[in-house]
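K.L.:
got a sequence here, can you model it:
(one chain, ligands or ions: 1)
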Amino acid sequence: MTTVQYVPGLENVIAAESRISAIDVEAHSIVVMGYDLSEVSLKASYEEVAHLLLFGHLPNELELRNFSRQLEDNRSLPREVYDWLRLMPSSIKPMDQLRIAIPMLAVFDPEVEDNSHEANIRKATRLIAKLPILIAHGYRIARGRELVSPDPSLPHAQNFLYMITGKKANDFEGKVFETSMNLYVEHELAASTFAARVVASTFCDIYGAAAAAVSALKGPLHGRANEKAMEMLLQIGQVDNSERWIRASLERSERIMGFGHRVYRRGLDPRADIMKGFLKDLGERIGQTKWYEMTVRIEELMRNERNLYPNVDYYVGPVYYLLGIPIELDTAVFAAARMAGWAAHAIEQHGNNRIFRPRALYTGLRGLRYTPLEQRS
Ligand code: CMC
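P.N.:
Residues are numbered from 1 along each chain as shown. Coordinates of the predicted model:
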């Protein structure tokens with residue numbers, strides 16, 4: 001007889017074999033395709049990291065030029081998608097635009113049904129190119145603002161930031177944003193990536209995997225924590241208010257957004273370290289240090305009171321705020337960055353597939369007998 005073990009939330013369960021990334025909690029490091037993500041995130045462009053994930057190696061100059069050109073050539077949306085964006089109510093949320101529009105993009109991709117490795121890479125490249133434009137233009141359409149066309153002279157991340165804010169960021173701000181996208185790009189079997197792999201394991205196409213992943217990311221326990229963390233900081237308002245606000249929230253048994261992590265149980269997420277440094281630096285440069293002071297004070301309190309540490313979303317929220325990104329776009333930006341990671345996982349799943357089909361521990365009734373409708377009270 002097979003031994004069946006029930007593990008709530010699949011905690012510590014190995015659900016897939018993967019060559020893409022590993023979280024090394026002891027070493028305080030995330031390995032992506034053999035590289036330390038902390039180092040790569042600071043030194044590489046988003047294009048290089050996305051290439052690494054799709055092709056398994058960092059590009060040489062020619063490969064990088066070709067890949068960047070493919071991204072540039074695909075920075076457009078079908079007219080029908082723009083028509084649809086204009087038909088939606090202005091209250092539509094960016095993540096809802098994404099989870100509807102990604103399957104729409106599939107309809108216009110002639111290779112949608114081709115799950116070969118080569119077609120998957122081409123489709124993934126299109127998705128990586130199109131998500132930023134969908135997010136930036138979708139947001140501007142919903143808010144009745146003028147669209148900002150992509151600037152071909154800008155790298156992928158810097159162009160994304162430009163299309164959102166309508167302003168050319170300085171070099172430091174561009175670097176901060178690009179690093180955040182690199183840090184968001186891949187993180188082993190997070191809920192959204194697992195969702196992508198489950199869908200890919202049925203041999204559904206990569207668009208289906210991306211749509212499932214976006215839906216999983218939307219939840220506040222996963223990607224939306226970056227928005228929620230910034231909303232919380234705004235509610236707290238003043239550094240001196242932090243302690244009282246957090247204690248009251250904990251007393252009501254509420255979760256403090258941006259704290260805790262299934263894998264980094266009792267330690268800092270290495271991505272949070274980097275974003276924390278950027279929050280300090282950015283705040284000093286633009287004369288808004290209170291967000292850094294507030295986050296540090298809350299971090300100390302949470303460590304002392306609950307032994308809980310911040311995750312990447314805790315620091316990304318205020319960094320994006322200082323970069324002028326509207327809070328409601330934070331999770332969608334995360335999605336655009338993670339697209340390369342989701343694609344790499346869907347492609348890996350297609351290449352070595354076994355459908356995900358776990359079992360459930362039945363806790364319901366048995367033995368009930370069917371009663372005809374007229375005899376039911
Ligand atoms: N605030 C207050 N208490 C918390 C928090 C929090 N943010 N996170 C965990 N705890 C407590 C929890 O109540 C539990 O306490 P007890 O053992 O007394 O019942 C204990 O810590 C363990 O928590 P858990 O819910 O069993 O942990 P989990 O692994 O199931 O959940 C989590 C992980 C990330 C969903 C959770 O920590 C959480 O809800 N955090 C807030 C949301 C958040 O920041 N999410 C972003 C995750 S990382 C980036 C990403 O993937 O997007």
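K.L.:
residue contacts, residue 280?
P.N.:
The contact partners of residue 280, taken as C-beta atoms under 8 Å, 6 or more residues apart in numbering, are 289, 292. C-beta coordinates here come from the backbone N, C-alpha and C atoms, glycine included.
K.L.:
kindly report the same for the one 3 residues further on.
P.N.:
By C-beta under 8 Å, 6+ apart, the contact set of residue 283 is 289, 290, 291, 292, 322.
K.L.:
of those residues, which is the nearest to the ligand?
P.N.:
Nearest to the ligand among the contacts of residue 283: residue 291, at 16.9 Å, using C-beta to the nearest ligand atom.
K.L.:
and that closest one, how many neighbours?
P.N.:
Residue 291: 22 surrounding residues under other C-beta atoms under 10 Å.
K.L.:
now do the same for it: helix, strand or coil?
P.N.:
Classification of residue 291 by DSSP: H, G, I helix; E, B strand; the rest coil places it in helix.
K.L.:
you'd agree it is up against residue 320?
P.N.:
No - contact status for residue 291 versus residue 320: not in contact, 10.9 Å apart, counting by C-beta atoms under 8 Å.
K.L.:
which residues touch the closest residue to the ligand within the stretch 251-377 of the chain?
P.N.:
Closest to the ligand within the stretch 251-377 of the chain is residue 260: 2.3 Å, counting by C-beta to the nearest ligand atom. Residues in contact with residue 260, defined by C-beta under 8 Å, 6+ apart, are 308, 309, 311.
K.L.:
torsion angles phi and psi at it?
P.N.:
Torsion angles at residue 260 (phi, psi; degrees, to the nearest 10) stand at phi 90, psi 160.
K.L.:
how far away is it from residue 236?
P.N.:
Remark: distance between residue 260 and residue 236 (C-beta to C-beta, to the nearest Å) = 18 Å.
K.L.:
how about residue 212?
P.N.:
34 Å.
K.L.:
comparing these two, which residue is more hemmed in?
P.N.:
It is residue 212, of residue 212 and residue 236, that has more neighbours when counted by other C-beta under 10 Å, with 23 against 19.
K.L.:
so which strand or helix has that one?
P.N.:
Using DSSP states H and E, residue 212 sits within helix 206-218.
K.L.:
outside of that helix itself, list whatever touches it.
P.N.:
By C-beta under 8 Å, 6+ apart, the list of residues contacting helix 206-218 reads 95-96, 98-99, 102-103, 105-106, 109, 112, 115, 120, 123-124, 127, 191-200, 222-224, 331, 334-335, 338-339, 342-343, 345-347, 349.
K.L.:
and the residues you listed near the ligand, which?
P.N.:
Contacts with the ligand within the contacts of helix 206-218, counted by C-beta under 6 Å from any ligand atom: 222, 223.
K.L.:
burial measure for the residue nearest to residue 321 when sequence neighbours are not counted, as a count.
P.N.:
Leaving out its chain neighbours, the residue that sits closest to residue 321 by C-beta to C-beta, 6 or more residues apart in numbering is residue 230, at 5.3 Å. Residues lying near residue 230 (other C-beta under 10 Å) number 24.
K.L.:
list the contacts of residue 230.
P.N.:
Contacts of residue 230 by C-beta under 8 Å, 6+ apart are 317, 318, 320, 321, 327, 330.
K.L.:
may I have the phi/psi pair for it?
P.N.:
Per-residue torsions, residue 230: phi -70, psi -40 (degrees, to the nearest 10).
K.L.:
and the pLDDT for it?
P.N.:
Residue 230 is assigned 98 on the pLDDT scale.
K.L.:
avg pLDDT for the one helix or strand residue 179 maps to?
P.N.:
Per DSSP H and E: residue 179 is located in helix 171-184. Throughout helix 171-184, pLDDT has a mean value of 98.
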